[in-house]
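*Asks:* For reference, the sequence and a predicted model appear below.
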There are 2 protein chains.
Amino acid sequence: MGKQTNPPICEIECIHADKVDELQPIVGALGGVGELVTNLADDTRFKVLYALSQSELCVCDVAAVVGATTPAASYHLRLLYRTGLVDYRRDGRLVYYRLADEDMRPVLEAIKSYMSR
Amino acid sequence: MGKQTNPPICEIECIHADKVDELQPIVGALGGVGELVTNLADDTRFKVLYALSQSELCVCDVAAVVGATTPAASYHLRLLYRTGLVDYRRDGRLVYYRLADEDMRPVLEAIKSYMSR
DNA sequence: CAAACACTCAAACGTCTGCTTGAGTGTATG
DNA sequence: CATACACTCAAGCAGACGTTTGAGTGTTTG
C-alpha cells in the first residue's frame, strides 16, 4: 500500500520552462488550424479543391475529374462551400463551382510541391 | 411502371470533356495527399509539429506547450514519427523530438499565414 | 538495490467521417 | 404539360480518430 496511485502526469513546465514559455503563446495562437486543414485532409476533397483552383467546373465535371459519384462530389463541395473555400453560380440546370479564396492557392501549391519532392 | 430505376449517376466526361481530360492526369497525380495532410488536420498535432519546427523538445515540453497530457503527446509524436515528419534522439531518460523533414517547413508556414490573414 | 521519473504501450470509449442509396427539387426541352 | 436531366438532401453504415486510463520499460539517483 506504499504504492502511490497518482500523478504519473508531468507537471507543466517540467523540463525546459524557458522554451515552453516562449512557444506557448505562438502555438496557442494556432487554435482552429485543424478545422481548416481538415478540409484538405481527404484525397477526394483535396483533389476537388485543387481542380477548382485550376478551372471553374460543374458538379458533374468535378465528379469525373476526381473519380467519384455525383452525390459524393456534391457532398464534398457542400463542405467546402460551408467553410468558405469554394463558391458557386447557377447557369440553367448546371451549377458551376470555383475557388472562393485566392489566399488558399499558395497553401495548395505548397502541399502539392511537398508531395512531388 | 414506366419509371426507370437506374442511372441517376452522370456518365464520365458528361459536360466539359476538354477540361476534364486536361485536369484528370494532374489531379490523379495528387493521390496520397490526404494521408499526408491528415497529419496536420488536428489542432493538437499541428501545434506539436509547428512547435518542433521552432525548437527541439522533449515529450514533456511538447505536452506543456500544446496543453495535452503526456500520453496524448506521445501518441501524436508516434504518429508523426511513423510518417517520417518527426525524428528523435535519446538523452538519459529524456527523449528529444525534432522536425525530420525541412521540406515540411514551407507547408507549415503557408498554413500559418493563411490562418492569420 | 530501491525509489523516482520520463516515457511508451494497449485497451476501451465516444465521436466523427466519407460514401452509398433512394427520394426529392427545380430547370430546361419537345 | 410531360419528360429528361443536373443536382441536392436525408438516412444509414462501416471504418477511422483522439483521448483517457492504467500498467509497463528503462534509465537515473541516493
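*Replies:* Okay, I see it.
*Asks:* Enumerate every residue touching the residue nearest to the spatial centre of chain A.
*Replies:* Residue closest to the average C-alpha location in chain A (CA atoms, centre = their mean): A:V37, at 2.5 Å. Shown in contact with A:V37 (CB atoms under 8 Å, 6 or more residues apart in numbering or on different chains): B:37, B:40-41, B:46, B:111. The way it works is simple: take the backbone N, C-alpha and C, and place the C-beta from them, glycine included.
*Asks:* Make CSV from those and add distance to DNA strand D, pLDDT and secondary structure to it.
*Replies:* Shown next, in CSV, are the contacts of A:V37 (distance: CB to the nearest atom of the strand, whole Å; pLDDT from 0 to 100; DSSP: H, G, I helix; E, B strand; the rest coil):
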residue, distance to DNA strand D, pLDDT, secondary structure
B:V37, 11, 96, helix
B:L40, 10, 96, helix
B:A41, 6, 95, coil
B:F46, 10, 96, helix
B:I111, 16, 96, helix
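*Asks:* Go through these and name the one nearest A:T69.
*Replies:* B:V37 (22.6 Å; CB to CB).
*Asks:* From A:D43, how far off is that closest one?
*Replies:* 9 Å (CB to CB, to the nearest Å).
*Asks:* One more: A:Q24?
*Replies:* Relative to A:D43, and taking CB to CB, A:Q24 is found at 34 Å.
*Asks:* For A:L80, grab the count of nearby residues.
*Replies:* Other residues near A:L80 number 23, with proximity taken as other CB atoms under 10 Å in any protein chain shown.
*Asks:* Ok, the one 10 residues further on next?
*Replies:* The tally of other residues near A:R90 (other CB under 10 Å) stands at 8.
*Asks:* would you say it is within a helix?
*Replies:* No. Using DSSP: H, G, I helix; E, B strand; the rest coil, the assignment for A:R90 is strand, not a helix.
*Asks:* was I right about A:H76 contacting A:R45?
*Replies:* Yes. Counting by CB atoms under 8 Å, A:R45 is a contact partner of A:H76 at 4.7 Å.
*Asks:* all helices for chain A, in order.
*Replies:* A:17-28, A:33-37, A:43-54, A:59-66, A:70-82, A:104-115 (DSSP state H).
*Asks:* got the contact list for the longest one?
*Replies:* In this case it means helix A:70-82. Residues contacting helix A:70-82 (CB under 8 Å, 6+ apart): A:39, A:42, A:44-45, A:48-49, A:59-60, A:62-63, A:66, A:68, A:86-88, A:97, A:100, B:8-10.
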